[in-house]
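Enquirer: Generate coordinates for the sequence data below:
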Amino acid sequence: LFHGLSALNTAVVECNGIPTDHKLLTEFNKKFPIIKDQMIREINKKINVYEEDNSFNHKKFKNFIKRIGLLQRWPKTETGILSTTEKVIYNFAQENKDVSEFYFCKEFIDSDKLKGFVLGPDKRSRTSLNMFQINTGRTNPSTSRYPFNAPKFMRNFMKPDPKHSFIYADYVSQEPGIAAWLSKDENLIEAYNSKDIYLYAPIRTGAMPADASKDKFPIERELHKRALLATFYGQKEKSLSISLDITLDQAVTMLADITKSYPKYFEWVRKSVSKSLVRGYQITKFGWRRNIEYGGQINHRSLYNFMCQAHGSEMLRLALNNLTEKKFEINALVHDGILLHVPCKNVEAKEKQIISIMENASKILLGKESRIRVETKIISSNYKQNEEEQKKFDRIMKAFDASSVSETQQVCTT
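Expert: Next up is the predicted model:
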């Protein structure tokens, strides 16, 4: 009954759609080829990886990577050329400004006329969310028809209706929090309740100073965050060193620090996976079940991440059902977050109600003593990103404005 109601309310979300800035989106789509050409010209002045016809050149890209000293570390495909997957480029972009600049340009160029915005007659974007389509029961919307699967900086084309605001609410560090209370690991619970769960273990073991923070050590924090999540889901030293691009000794140390910090969690998850292999399935508290085929190929990492991710999905569904029951208009489900569309009147009171409903959903799922925190932001105009993504959008809009001026000058001259 719970999952049936969730499917019904997901259909309501799909029907609601996401309000968009139709005028700006239409104008931008018209000028996309002009802006794309301009961005390629600008990036080529710095790193020269595109041909005159705007096609990507792998040989030039290899020379660029060699020039910045990353050639030995950069992964290759089976055919021997340098990998240009989104994940690989993103990881290197975190440590190198030139790669970051290329990542920004490539992400925009590959967006191909703003994939993700498929508008109906009412100028709202819609697509199927495909609830329950994957093992963990999470939504799995099309990568080309969903605004939240488009490049992040393009979400700025979402815009609430007049006299309305968006409220974006998401669970803070949802999966580590779920891991803490499912396993009843006191250290992990303490870490979740600390200032920063991802810095708790390195501070505790002396790998980082006691006053370490996201602002002071952004790169190191990102490294420890990725290490924590990867280790939670069964990654070992060798694969950890490759995925984080660190030495094997560093990976061994980080893995030891994490496992020593949270012994109860690792004992719990090991027993949980072993039990599921014996009985042939994994199951959440609310009955979402994943069957394990006897004798079939098993991705052990997926077994390790199932309990946290599947319970995260259950938590979001419970929040969805309860918010819908309270007559909130929900426009999107985004992994561990929800986008809502509310009248501007008394918006702060509605924000508090949303937080209360979502945090209560975590208590129902994990126990009264638990609380997975919820962060919100109220958006009364075009959707706003974090500072880094907002800078990208502002750069794109600057190119958009420049193309408008250029067209006006051409008309006057003619």
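Enquirer: Tell me where the chain has strands.
Expert: Per DSSP state E, the chain carries strands over the ranges 18-19, 124-125, 164-171, 281-283, 289-291, 329-334, 337-343, 374-379.
Enquirer: who wins for proximity to residue 218 among those strands?
Expert: strand 374-379 (18.2 Å; C-beta to C-beta). From N, CA and C alone the C-beta is placed, and that goes for glycine too.
Enquirer: quick one: strands adjacent to the closest one?
Expert: Take DSSP bridges as the rule and strand 374-379 pairs in its sheet with strand 164-171 (antiparallel).
Enquirer: Other residues contacting the strand it pairs with?
Expert: Strand 164-171 has contacts (C-beta atoms under 8 Å, 6 or more residues apart in numbering) with 19, 158, 160, 177, 312, 315-316, 331, 334, 336-344, 347, 350-351, 354-355, 358, 362, 372-380, 383.
Enquirer: Name the helix or strand of the chain that has the lowest mean pLDDT.
Expert: The helix or strand of the chain with the poorest confidence is helix 387-413; it has a mean of 67 (mean pLDDT, DSSP states H and E).
Enquirer: what's the spacing between stretch 257-273 and its chain's center?
Expert: Taking C-alpha atoms, centre = their mean, to the nearest Å, the mean C-alpha location of stretch 257-273 is offset from the chain mean by 25 Å.
Enquirer: what residues does that stretch touch?
Expert: Residues outside stretch 257-273 that contact it (C-beta under 8 Å, 6+ apart) are 179-180, 182-188, 191, 200-202, 204-205, 207, 227-228, 231-232, 282, 300, 303-304, 307.
Enquirer: 6 Å instead, please
Expert: Stretch 257-273 is contacted by residues 179, 183, 185, 187-188, 201, 204-205, 228, 231, 303-304, 307 when judged by C-beta atoms under 6 Å, 6 or more residues apart in numbering.
Enquirer: Show me which of those residues is closest to residue 107.
Expert: Lowest distance from residue 107 to the contacts of stretch 257-273 (C-beta to C-beta) belongs to residue 228, with 26.1 Å.
Enquirer: got a list of what the closest one touches?
Expert: 198, 258.
Enquirer: Same check on the one 4 residues further on?
Expert: Residue 232 is in contact with no residue at all, counting by C-beta under 6 Å, 6+ apart.
Enquirer: Against residue 90, how distant is it?
Expert: 21 Å (C-beta to C-beta, to the nearest Å).
Enquirer: Give me the below-cutoff pLDDT ranges for the stretch 301-414 of the chain.
Expert: Applying pLDDT under 70 to the stretch 301-414 of the chain flags residues 403-414.
Enquirer: Same question for the stretch 101-250 of the chain.
Expert: Low-confidence segments of the stretch 101-250 of the chain, defined by pLDDT under 70: 111-115.
Enquirer: all helices in it, in order from the N-terminus.
Expert: Here the stretch 101-250 of the chain has its helices, by DSSP state H, counting those that start in this stretch, at 174-183, 186-193, 197-204, 218-232, 237-244, 248-261.
Enquirer: what's the most buried one of the strands of the chain?
Expert: strand 18-19 (a mean of 24; mean count of other C-beta atoms under 10 Å).
Enquirer: Make CSV out of the strands of the chain and add distance to residue 84.
Expert: Formatted as CSV, the strands of the chain follow (distance: least, C-beta to C-beta, whole Å):
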stretch, distance to residue 84
strand 18-19, 30
strand 124-125, 28
strand 164-171, 30
strand 281-283, 35
strand 289-291, 33
strand 329-334, 26
strand 337-343, 29
strand 374-379, 33
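Enquirer: nearest to residue 248, of those strands?
Expert: Checking the strands of the chain against residue 248 by C-beta to C-beta gives strand 281-283 as the closest, at 31.4 Å.
Enquirer: Are there helices or strands packed against that closest one, and which ones?
Expert: Judged by 3 or more C-beta pairs under 6 Å, 6 or more residues apart in numbering; DSSP states H and E, strand 281-283 is in contact with strand 289-291.
Enquirer: What are the contacting residues of the strand it packs on?
Expert: Taking C-beta under 6 Å, 6+ apart as the rule, strand 289-291 contacts 135, 281, 282, 283, 306.
Enquirer: which one of these is nearest residue 121?
Expert: residue 135 (36.0 Å).
Enquirer: so what's that closest one closest to, chain neighbours aside?
Expert: Closest residue in space to residue 135, ignoring its immediate chain neighbours: residue 290 at 5.0 Å, by C-beta to C-beta, 6 or more residues apart in numbering.
Enquirer: And the one you found, how close does it get to residue 301?
Expert: Counting by C-beta to C-beta, the gap from residue 290 to residue 301 is 14 Å.
Enquirer: what sits against the spatially most central residue of the chain?
Expert: Nearest to the centroid of the C-alpha atoms of the chain, with distances taken as C-alpha atoms, centre = their mean, sits residue 335, at 7.5 Å. Contacts for residue 335 (C-beta under 6 Å, 6+ apart) come out as none.
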